[in-house]
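model the following, please.
(4 chains, ligands or ions: 2)
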Amino acid sequence: MNKLKMKNLNFPMLGKKTNNNRLVYLDNASTTFKHAYVIEAERKYETEYSANIHRGIYFISEKATREYEEVRSKVKHFINAKKETEIIFTSGSTGSLNLIAYSYGRTFLKKNDEIWISSLEHHSNIIPWQIICSEIGCKLRIIPINKDHTVKKIPFGKQAKLLAITCISNAIGVANPIRNWIKQAKERNIKVVLDAAQAVPHFKMDVQELDCDFLVFSGHKIYGPTGVGILYGKEKLLETMVPYQTGGDMVKEVTFQKTIYADLPAKFEAGTPNISGVIGFGAAIDFVNKIKFQPIAQNTIFQKAKEKLIQIGAKIVGEEFGKIQVPILSFTLQNIHPHDIATILDQKGIAVRAGHLCAQPLLNLLNVPALTRVSLGEYNTDNDIDSLIDGIKFVKKVLKC
Amino acid sequence: MNKLKMKNLNFPMLGKKTNNNRLVYLDNASTTFKHAYVIEAERKYETEYSANIHRGIYFISEKATREYEEVRSKVKHFINAKKETEIIFTSGSTGSLNLIAYSYGRTFLKKNDEIWISSLEHHSNIIPWQIICSEIGCKLRIIPINKDHTVKKIPFGKQAKLLAITCISNAIGVANPIRNWIKQAKERNIKVVLDAAQAVPHFKMDVQELDCDFLVFSGHKIYGPTGVGILYGKEKLLETMVPYQTGGDMVKEVTFQKTIYADLPAKFEAGTPNISGVIGFGAAIDFVNKIKFQPIAQNTIFQKAKEKLIQIGAKIVGEEFGKIQVPILSFTLQNIHPHDIATILDQKGIAVRAGHLCAQPLLNLLNVPALTRVSLGEYNTDNDIDSLIDGIKFVKKVLKC
Amino acid sequence: MLSEIYGDLILDHCRNPRNYGDIHNATHRICGHNPLCGDKIELTFIVKDNHIENIKFKGKGCAISQASASIMTNELLGKTTEEAILLFNVFHEMLTREDFSEKNIFVDSFFKKAGVFLNIKNFPTRVKCATLAWHSFNLALKENKPQQNDNIN
Amino acid sequence: MLSEIYGDLILDHCRNPRNYGDIHNATHRICGHNPLCGDKIELTFIVKDNHIENIKFKGKGCAISQASASIMTNELLGKTTEEAILLFNVFHEMLTREDFSEKNIFVDSFFKKAGVFLNIKNFPTRVKCATLAWHSFNLALKENKPQQNDNIN
Ligand SMILES: Cc1ncc(COP(=O)(O)O)c(C=O)c1O
Ligand SMILES: Cc1ncc(COP(=O)(O)O)c(C=O)c1O
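Ligands and ions are numbered 1, 2, ... in the order given. Next up, the predicted model:
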C-alpha cells in the first residue's frame, strides 16, 4: 500500500486465520496491528531493564528513564514541537482531551465562554466539553456542516475562547478545513485544540506550522501499544494550567498543608506511567516516520476498494461534505443492517466496523442509525479488497438480497 | 522466599547483569519484575488477537473483549467484590485515587466536610485530596501518628465524610490499624478509601469483609504490567457518582445537547483502554493467587536482611510506629547520605531506593530528609541479602567510614 | 452455522414483520434501546383481563432484532401474562445459559418458532439483538408502567 | 570510576566543609532545592565593589552536593562577579556538554579543584547534586535579589 519495502511490514498479526479463513483486517481506524518493532521494544523493557523511572539511582532505572524520555524527544520531532517539555504522555487521545478540558477549563474558562466544536467530532471530543459546559457554565457551539465544507466564517461570539476540532472524521474520513478555521480563531485569540487521532497515521503534522495550541493522538492507531497517547501543548499554556491527575512524581515538595508542583512535563504525569507502552510507542513512531505518506488519490488500494464497493451497490457516505482524505470508507448497502453485514463478513474472516462509530451526532446529521466502515492500514493489500468484495457478495447471498 | 516451586519463579529479569555484576533488585515496593506469564499474555494479545474491545463484531475483537472482561472477573474474585461491575480498570493506583477524589468529591462532598488521611500516606493519596479541599472547601485532617500506633479514637468532626488511608506505608512497611479505623468510620457513616498498593502483593484483601467503600491498587507492583490498576467501589456508590474521564465507549447516547452515560463499569472507562496491560494484569493475578502469603515473622530472608543490616550499623526507621508488615526495610546508616549509598551499591549491581520515597510528609515527621529503602519481592534470595551486606561494606570502604 | 441464524424464518420475519405498528391506546408502552449498536424498538401492548389482547412493535435494527420482535409479538398475542413471563424466561435462558438444552423446552410449539434463535449463542455480540424485544417486553410488564423510556443492556 | 567521584578531595570537603554557616548581613541569599532527592542548600554571600567579599553555605545533602558547595565557596571567595560567572559556565558545561574536553578549561587552577566533578557525568542521576550549589549561586547573582526562595532543577 505504500513505498515501504515489504520486509518492513513486519506485523505478527498478518497471515493469522479466523473462522477458518485468512484474517482480513479492515478496522484500522479503530486500532491498528502492532508492528514487530513495537512488540520487541516493549518486550525488551520488560525483560532487560524492567524498572520504574525518574527516581531510581541504579542502572536499570536510569536506562528506563532514558528510553522513556527519548520517546518524548521522538514525539517532539514527529510533530515538530519546540521543546520536549511540551509533550505529555497520557493514556490515549481520550485521556489527553479530558486533561485539556479539565485543566485548561479550570484555568481559563468562565461562565458564558463559548467552546466551539465541529460536526465531525468523535465522542471523546464532545463529552468532555459538555461536562465543562455544565460545570463552568460555558456554551457548547457546533460549527454547522455544509455541503462543500468550505465553511466561510465561523460565527464566533464575543466570548468564544476555544475551538476544539478533529482534523479528520473517524466516521467518514472527511477533513475539517483546519487551516482556515485556525486562522479565524487566531485572529480572535481563540485557543485551538486539534484531535489528530485519525490524522497522524496519514499526514505529517507540524504543530508550529499549524499554530495549534494543543494536539492529541493515540499510540494504538499508529501501530503502537494500547494505553498510551500524547498531549502536545504550547509551553506557555501548559505552564499556567493546573495539574490534572496528581500524586507521585509530579511534585517538588509536599507537606500536609500544601504542595509545590514540579515543572513540565512532570507536572502532568502523576504516578507510575505506562512505561512499556511509552517505549513501544517510540518504536511505532520510528515506523510511521518511515512511511511515505501519499495523497489518498494515489492510494490505489483505497481507490479500488471504493470503486468496487460502489459497483456492488454500496453507497459511500459523507462525500457530500468533502473529499475523503484518509482510507476510510463508510457505507450503506441496500437496506441491510451493518451488524448483519459485519457478522456475515466475520464468518469469512473479514473484520469491518459496524455501528455508530462513536460519532452519534454526526450519524444523526447524516440521518443513518448505523454504518459499515472499512478502514485501511499500511499492510492492507489488493487481495484484501478482493476478499471484501467477495465477502459482500456472500452477505447478499446469505440474506437473499 | 515463599512456598512456590522455583519453576514458577519465571522472571526473565532474574540473572541479568548490570555494571558487570549480577543484578540484585531490591526496589520491589517501587515496581516489580514482570512474570513470564504476564509478558506472554501481553504478547499473545499483540500477536494473536490484536483488536479493540467492546464494539467490534468480529472474531478477534470478541476474543479481546472476552479476555479483557475475564480479567475483571479475576479481580472480582481476587478481592472478593460482589460483582464484576464494581471493578474499574484505571491507569494505576494514582489514577484510581484521582478518580475517587474527583468523582466522589463532586458527587458527595461539600464545603467544610472533613477528609481524613493518615500520616503514612503516599503522595498519591494526599495531593488529590488537597486539590478537592481547595476546590470544594473541604478540610484535610491528618490522623496523628503515635508510638504504639493503636490510635484509640479518631477525633472525627461532625462533618467527617471520608477516610482515605493506606493499608501499608510504602516508606516504612508499617500498617495502619485499618480494621479499627474502618469500624470507627462506619459507626459514623463515613466512607472509606483503602490504598492497597503495598498491601495487595502480600495480603489477601477481602473488600466485603473489610467493608471498605473503595480500594485501589496497581498492576506493576504485583509482577504485572505498567499502566494498569484497579478501582474497586461499592456498586451503589459508583452508580451515583459522576464519570471521571469521558469519551468513546462510556455512553448510551450522545447528542450535541446531552449525553446519557453507560452503566457500570463502562461509565468509568472512557476511550480505548490499556488492553494489553489489562490482559497482562490478569496473568499477574493468576501468579499472585498462587503465592502462599506468609506472615513477615516467618519470612526468613526478610528477617536475615533485617538482622544483618542492624549488625552492620544500619538504623531501621519506623518500627517505633508499629511492626513492619511487609518486606520493606528503610534505614539510615551513620551519616552517609542515601544517594551516596545507592550510587555505590549500583556499581555492585545492587538496586535500592534512596530519597523521600514519595512520602515527604512522613519523612518530615520522622525527621529524616531521605532514606535508603530495601524492599523484597517473591524472587529475592538469601544470596541477594549477602550481596546487599557486602555492598554496604563496600559503601563504607569507598566513603572511608 | 450462518444459515442457521439467517435462515428462512428469520429472513421472512425481517422482511415482512408481523404486528408492525403502534397501538395508540396501549396499556403498556416502552422504548427499548441497545446502546452498543443503536438498535431501537418501540413496543406497545394492551393487557386486559390478564391477557395480552394486542401487541405491536416499531423500530429500526438488524435482521435479528427485527425478526425477534416480530416472532415475539406473534407468540405473545393472546397469552396470559403468566404464560408470557414463562416464555420470556425460556427465551432468556436459551440465549444465556451455558447448560441450556433443548430438552428443557417444555413449550414445544413456542420452540418451533423462537428456537431459531438458539444458534445466536455462537455469535456473542449479537445475543442482545435477539433479546432486545423480549427484555423490553419483560421490563414494561414487570414495572407495569403504562409509559416508560429505558435502556436495555 | 567510583573512586574518581568519591575521591579524597570530595570526601575531605564533605567531612570538613569549608565556609559552612550563614552570613546574616548577606547581600544575596538563596535557598536551592533539588526536588528529586530532597537536597537543600542555603547560600549567602556579600557582593561589594563587584567582588564576592564573603560566601557561606548551609544544608543537608549527599557527599557530592556538600563537597561541591564547599569547593565552590572556596573558589568563588574573592573573585569578581564576572570571574564567578565564568567559573559557573565552565562548571556547567563540564557536566552537561557531551563534547566538553579538558582542553577547554582555560582556568587551570580552578580545574584542579572543581575538575574532580568531571566524572559525575558517568552518573547521570547525580549530576544535579554537583550543580545544585552552582545553579543556586548563579540564580541569586543573576536576579540580583538579596533574598529569594527557589527550586533548582
Ligand atoms: C477522531 C478520534 N478522536 C479520538 C479518539 C479516541 O481515541 P482513544 O480511544 O485512543 O482514546 C478516536 C478513536 O477512535 C478518534 O478516531
Ligand atoms: C502506598 C502507595 N500508594 C500509591 C502508589 C502509587 O502507585 P502508582 O505509581 O502505581 O500509581 C504507590 C506506589 O508507589 C504506593 O506505594
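
need phi/psi at A:Val216.
Backbone dihedrals for A:Val216, given as degrees, to the nearest 10, come out at phi -130, psi 150.

test my guess that it contacts A:Val193.
Yes: between A:Val216 and A:Val193 a contact is recorded at 7.5 Å, counting by C-beta atoms under 8 Å. (Glycine included, C-beta is placed from N, CA and C.)

more neighbours: the two, which one.
A direct count of neighbours by other C-beta atoms under 10 Å in any protein chain shown for A:Val216 and A:Val193 places A:Val216 higher, at 30 against 26.

please report how far that one lies from A:Leu97.
6 Å (C-beta to C-beta, to the nearest Å).

for stretch A:258-274, buried residues please.
Buried residues in stretch A:258-274, counted by 16 or more other C-beta atoms under 10 Å in any protein chain shown: A:259, A:261-262, A:264-274.

what sits closest to A:Phe11 if chain neighbours are left out?
A:Phe33 (4.5 Å; C-beta to C-beta, 6 or more residues apart in numbering or on different chains).

quick check: neighbours shared by A:Val216 and A:Leu97?
Common contacts of A:Val216 and A:Leu97 (C-beta atoms under 8 Å, 6 or more residues apart in numbering or on different chains): A:Val193, A:Asp195.

ok so, going back, joint contacts of A:Val216 and A:Val193?
When C-beta under 8 Å, 6+ apart defines a contact, the residues bordering A:Val216 and A:Val193 alike are A:Leu97, A:Ile100.

before we move on, the earlier item: for the buried residues of stretch A:258-274, give me JSON lines that also has secondary structure, pLDDT and distance to ligand 1.
Output for the buried residues of stretch A:258-274, formatted as JSON lines (DSSP: H, G, I helix; E, B strand; the rest coil; pLDDT from 0 to 100; distance: C-beta to the nearest ligand atom, whole Å):
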{"residue": "A:Thr259", "secondary structure": "strand", "pLDDT": "81", "distance to ligand 1": "29"}
{"residue": "A:Tyr261", "secondary structure": "strand", "pLDDT": "87", "distance to ligand 1": "25"}
{"residue": "A:Ala262", "secondary structure": "coil", "pLDDT": "87", "distance to ligand 1": "25"}
{"residue": "A:Leu264", "secondary structure": "coil", "pLDDT": "92", "distance to ligand 1": "22"}
{"residue": "A:Pro265", "secondary structure": "coil", "pLDDT": "95", "distance to ligand 1": "19"}
{"residue": "A:Ala266", "secondary structure": "helix", "pLDDT": "93", "distance to ligand 1": "22"}
{"residue": "A:Lys267", "secondary structure": "helix", "pLDDT": "94", "distance to ligand 1": "21"}
{"residue": "A:Phe268", "secondary structure": "helix", "pLDDT": "95", "distance to ligand 1": "16"}
{"residue": "A:Glu269", "secondary structure": "coil", "pLDDT": "95", "distance to ligand 1": "17"}
{"residue": "A:Ala270", "secondary structure": "coil", "pLDDT": "94", "distance to ligand 1": "18"}
{"residue": "A:Gly271", "secondary structure": "coil", "pLDDT": "95", "distance to ligand 1": "18"}
{"residue": "A:Thr272", "secondary structure": "coil", "pLDDT": "97", "distance to ligand 1": "20"}
{"residue": "A:Pro273", "secondary structure": "coil", "pLDDT": "97", "distance to ligand 1": "16"}
{"residue": "A:Asn274", "secondary structure": "coil", "pLDDT": "98", "distance to ligand 1": "13"}
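
quick check: which of those residues are also close to chain D?
Within the set of the buried residues of stretch A:258-274, contact with chain D (C-beta under 8 Å from any C-beta of the partner chain) is found for A:Ala262.

farthest-apart pair in the buried residues of stretch A:258-274, please.
With distances taken as C-beta to C-beta, the most widely separated pair in the buried residues of stretch A:258-274 is A:Thr259 and A:Asn274, at 23.7 Å.

what does chain A put close to ligand 2?
Within reach of ligand 2 by C-beta under 6 Å from any ligand atom, chain A has these residues: A:Gly248, A:Gly271, A:Thr272.

reformat those residues as JSON lines; add distance to B:Arg353.
Formatted as JSON lines, these follow (distance: C-beta to C-beta, whole Å):
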{"residue": "A:Gly248", "distance to B:Arg353": "12"}
{"residue": "A:Gly271", "distance to B:Arg353": "16"}
{"residue": "A:Thr272", "distance to B:Arg353": "13"}
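
list just the nearest of the residues you listed to C:Thr27.
The closest of those to C:Thr27 turns out to be A:Gly271 (C-beta to C-beta; 54.8 Å).

from A:Lys308, how far out is the closest one?
As judged by C-beta to C-beta, A:Gly271 and A:Lys308 stand 49 Å apart.

what number of residues lie near the closest residue to chain D within chain C?
Taking C-beta to the nearest C-beta as the measure, chain C has C:Pro35 as its residue closest to chain D, at 46.0 Å. The local packing count at C:Pro35 equals 22, with neighbours defined by other C-beta under 10 Å.

does it touch B:Thr259 like I think?
No: shown here, C:Pro35 and B:Thr259 do not form a contact pair, counting by C-beta under 8 Å, at 11.2 Å.

list residues touching both of the two?
B:Val251, B:Glu253.

what's the burial count for C:Leu118?
C:Leu118 - counted by other C-beta under 10 Å - has 18 other residues nearby.

actually A:Phe78, sorry about that
For A:Phe78, the neighbour count with other C-beta under 10 Å is 24.

about what we covered before: now the buried residues of stretch A:258-274 as JSON lines including distance to C:Gly115?
Listed next are those as JSON lines, based on distance: C-beta to C-beta, whole Å:
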{"residue": "A:Thr259", "distance to C:Gly115": "64"}
{"residue": "A:Tyr261", "distance to C:Gly115": "63"}
{"residue": "A:Ala262", "distance to C:Gly115": "64"}
{"residue": "A:Leu264", "distance to C:Gly115": "63"}
{"residue": "A:Pro265", "distance to C:Gly115": "60"}
{"residue": "A:Ala266", "distance to C:Gly115": "61"}
{"residue": "A:Lys267", "distance to C:Gly115": "61"}
{"residue": "A:Phe268", "distance to C:Gly115": "56"}
{"residue": "A:Glu269", "distance to C:Gly115": "56"}
{"residue": "A:Ala270", "distance to C:Gly115": "55"}
{"residue": "A:Gly271", "distance to C:Gly115": "52"}
{"residue": "A:Thr272", "distance to C:Gly115": "52"}
{"residue": "A:Pro273", "distance to C:Gly115": "52"}
{"residue": "A:Asn274", "distance to C:Gly115": "47"}
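
partner strands of the worst-scoring helix or strand of chain A on mean pLDDT and their direction?
Within chain A, no helix or strand scores below strand A:251-254, which has a mean of 80 by mean pLDDT, DSSP states H and E. Within its sheet, and counting by DSSP bridges, strand A:251-254 is paired with strand A:259-261 (antiparallel).

gap between the partner strand and the chain center?
Per C-alpha atoms, centre = their mean, to the nearest Å, the displacement of strand A:259-261 from the mean C-alpha position of its chain is 32 Å.

my read: A:Phe108 touches A:Lys161, true?
Yes: taking contact to mean C-beta under 8 Å, the distance of 6.8 Å between A:Phe108 and A:Lys161 places them in contact.

between these two, point out the one with more neighbours.
More crowded of A:Phe108 and A:Lys161, by other C-beta under 10 Å: A:Lys161, with 23 against 15.

if we can go back for a sec, which residues are common contacts for A:Phe108 and A:Lys161?
Residues touching both A:Phe108 and A:Lys161 comprise A:Lys191, with contact defined as C-beta under 8 Å, 6+ apart.

circling back to that earlier point, check contacts around the closest residue in space to the residue of chain C closest to chain D that isn't next to it in sequence.
Computed as C-beta to C-beta, 6+ apart, the closest residue to C:Pro35 that is not its neighbour in sequence is B:Lys252, at 3.8 Å. B:Lys252 is in contact with B:Ile260, B:Tyr261, B:Ala262, B:Asp263, C:His33, C:Pro35, C:Asn151, counting by C-beta under 8 Å, 6+ apart.
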